[in-house]
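S.K.: Below are the sequence and a predicted model; questions follow.
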Protein chains: 2
Amino acid sequence: MNRQTDLNILAGTEIFRGLTAEALDEIRRAAFRRRLAKDEVLYHQGDPAATFYVLIVGRLRVTQNTVDGGRITVRYLGAGEMVGYAVLSGAGAHPGTVIAVEDSHLFGWSQESIRQFTGRHPEVAMNAVAALGARYQETQTRLQELSTESVERRIAHTLLRLAHQAGRRTAMGIEIAFPLSRRDVAELAGTTLHTVSRTLSAWEKDGIVMSERRHVIVCRPHALAALDAPAGPL
Amino acid sequence: MNRQTDLNILAGTEIFRGLTAEALDEIRRAAFRRRLAKDEVLYHQGDPAATFYVLIVGRLRVTQNTVDGGRITVRYLGAGEMVGYAVLSGAGAHPGTVIAVEDSHLFGWSQESIRQFTGRHPEVAMNAVAALGARYQETQTRLQELSTESVERRIAHTLLRLAHQAGRRTAMGIEIAFPLSRRDVAELAGTTLHTVSRTLSAWEKDGIVMSERRHVIVCRPHALAALDAPAGPL
DNA sequence: CGATGAGTTGATCCGACTCAACCACGGTGG
DNA sequence: CCACCGTGGTTGAGTCGGATCAACTCATCG
């Protein structure tokens, strides 16, 4: 919690990496801290984009709603990731709702201070471009999957992506390290919780995954990755 | 084709807007021109991201392929839009294939020159963040539609988006101003050309759209936007 | 100890994909 | 000039993946 610790943390974030110690200290001084309890909302879709955040510890979920009640999960955010890119891009409002799925800790900056800082430090803007580009690509990939793949494969890819982003190696396999319900998976994979439940049950029988309520472990990731052929040959 | 014309063109692009005349002239001097005939490929998915472009006139299509033969259309690009953002974000390879759907004209810059320029002009990086953010949002919206809406509504939204991005007012309605086949619409909406054909035929009967081969006019955009209720009540 | 949320599993149904046959148009070449 | 073929488009019939509807169990919580 001291100055040096904060500097090390900031130096490890996707948006501030590569900055000089002086620049890091400058952004540190402009920051405020924000804590979120589990299930607490950071901001709602449509709120004016006034504050930019970086997630330090914890896990956040970004969701997006349509007028007609539809809801999807855009992505989960982990430590070091930026929150509220709309503040940087100059959009007026946040395009999604951000909620903590476990107790979290963030640094925050006002729109003026982060935009001013970004203007003076092109590396920050370049980092933002890189980070946004990566998210854009990931979304593109999901779009691709949703257009062309079966539900089963989409669920498989969803779990693999989560395992990659927030996986923790255990004796049983790769554990997805935050509470994740069937419904959550369904909203990521573009299906219903019923289908997710059936699919996970089948995989559990085959020893591919293990799951309890709101908790998934991927035991055999390679088996998930190789779900093209409808079934193994004789 | 003279210097002043080029400066005016550059000043109107999403990535270079707001720059001083001197900065614009600097980027103009570093640029080279590139012409693409209809159906000519600018670069392929997987090619090293070595050159950054801005589209001056014409229309490009960005597609993305999966290993297993799946293909989607990521988006169409119009005048003033940047092409090859991966060069900015430092990704090693282009994530998609870009092809001209009509004769086009671009400005191009080497990776070193555009990144150096961006490093010296934070506005450019900020513009890039804004542009990428907008594309990210658009993709998010498509993802949302694909997860929650019926094929018919997705086709409707696809046409509305195209009409918005590349529409030309005519006596008959909003004409989509570049060749667009059923297959193209299908790859944007995440469906098959058969379903698109059926849907457009039905809409044509209702006077909502008019279409010939590779050519679509949206006559009653509001009717497309209001396709929620399955059918009008008695 | 009801209540609420998460999960499972069966039965049913339908939207849209698949398969298939066909037409129209526009090059191209004999 | 016409025969040919490839591309784009239309439309019908059949099928099926997965959503929907429904009933029930099991935790967790105030």
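M.R.: Done, it's in.
S.K.: Strands along chain A, start to end?
M.R.: The residue ranges that make up the strands of chain A, judged by DSSP state E, are A:32-36, A:41-43, A:51-65, A:71-77, A:82-83, A:97-110, A:167-169, A:174-176, A:209-212, A:215-218.
S.K.: Out of those strands, which gets nearest to chain B?
M.R.: If you check each of these against chain B by C-beta to the nearest C-beta, strand A:71-77 wins as the nearest, at 5.1 Å. Bear in mind the C-beta positions are built from the backbone N, C-alpha and C, glycine included.
S.K.: Packing partners of the closest one?
M.R.: Under the contact criterion of 3 or more C-beta pairs under 8 Å, 6 or more residues apart in numbering or on different chains; DSSP states H and E, strand A:71-77 touches strand A:51-65, helix A:122-148, helix A:151-166, helix A:182-189, helix B:122-148.
S.K.: tell me which strands and helices the first one is in contact with?
M.R.: Using 3+ C-beta pairs under 8 Å, 6+ apart as the contact criterion, the secondary-structure elements in contact with strand A:51-65 are strand A:32-36, strand A:41-43, strand A:71-77, strand A:82-83, helix A:86-89, strand A:97-110, helix A:111-120.
S.K.: Looking at the helices and strands packed on strand A:71-77, which one is packed in the most?
M.R.: For the helices and strands packed on strand A:71-77, ranked by mean neighbour count under the definition mean count of other C-beta atoms under 10 Å in any protein chain shown, the leader is helix A:182-189 at a mean of 23.
S.K.: That one - what's its average pLDDT?
M.R.: pLDDT averaged over helix A:182-189 equals 97, rounded to a whole number.
S.K.: quick one: is it near DNA strand C?
M.R.: Yes. Shown here: helix A:182-189 in contact with DNA strand C (C-beta under 7 Å from any atom of the strand) through A:182-183.
S.K.: Can I get that helix in CSV, CA atoms only?
M.R.: Backbone C-alpha positions of helix A:182-189 (Å, rounded to 0.1, in the frame of the first residue of the first chain) are rendered in CSV as follows:
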residue,chain,number,x,y,z
ARG,A,182,-24.3,-22.1,-16.0
ARG,A,183,-26.1,-18.9,-16.8
ASP,A,184,-22.9,-17.0,-17.0
VAL,A,185,-21.4,-19.5,-19.4
ALA,A,186,-24.6,-19.4,-21.5
GLU,A,187,-24.4,-15.6,-21.8
LEU,A,188,-20.9,-15.8,-23.0
ALA,A,189,-21.5,-18.6,-25.4
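S.K.: what's next to it, contact-wise?
M.R.: Applying C-beta atoms under 8 Å, 6 or more residues apart in numbering or on different chains, the contact partners of helix A:182-189 are A:61, A:63, A:71-73, A:151, A:154-155, A:157-159, A:162, A:192-193, A:195-197, A:200, A:216, B:147.
S.K.: ok, now with 6 Å
M.R.: The set of residues that contact helix A:182-189 without belonging to it, under C-beta atoms under 6 Å, 6 or more residues apart in numbering or on different chains, is A:72-73, A:154-155, A:158, A:192-193, A:196-197.
S.K.: for stretch A:114-129, same thing?
M.R.: Stretch A:114-129 is contacted from outside by A:15, A:18, A:23, A:27, A:52, A:88, B:88-89, B:119, B:122, B:125-126, B:128-129, using C-beta under 6 Å, 6+ apart.
S.K.: what separates it from the chain centre, distance-wise?
M.R.: Mean-position distance between stretch A:114-129 and its chain equals 22 Å (C-alpha atoms, centre = their mean, to the nearest Å).
S.K.: avg pLDDT for that stretch?
M.R.: What stretch A:114-129 shows for mean pLDDT is 95.
S.K.: As JSON lines, the strands of chain A with distance to residue B:227 and mean pLDDT would be great.
M.R.: Conversion of the strands of chain A to JSON lines gives the following (distance: least, C-beta to C-beta, whole Å; pLDDT from 0 to 100):
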{"stretch": "strand A:32-36", "distance to residue B:227": "39", "mean pLDDT": "97"}
{"stretch": "strand A:41-43", "distance to residue B:227": "31", "mean pLDDT": "97"}
{"stretch": "strand A:51-65", "distance to residue B:227": "19", "mean pLDDT": "97"}
{"stretch": "strand A:71-77", "distance to residue B:227": "20", "mean pLDDT": "95"}
{"stretch": "strand A:82-83", "distance to residue B:227": "35", "mean pLDDT": "98"}
{"stretch": "strand A:97-110", "distance to residue B:227": "26", "mean pLDDT": "97"}
{"stretch": "strand A:167-169", "distance to residue B:227": "41", "mean pLDDT": "96"}
{"stretch": "strand A:174-176", "distance to residue B:227": "38", "mean pLDDT": "97"}
{"stretch": "strand A:209-212", "distance to residue B:227": "38", "mean pLDDT": "96"}
{"stretch": "strand A:215-218", "distance to residue B:227": "37", "mean pLDDT": "97"}
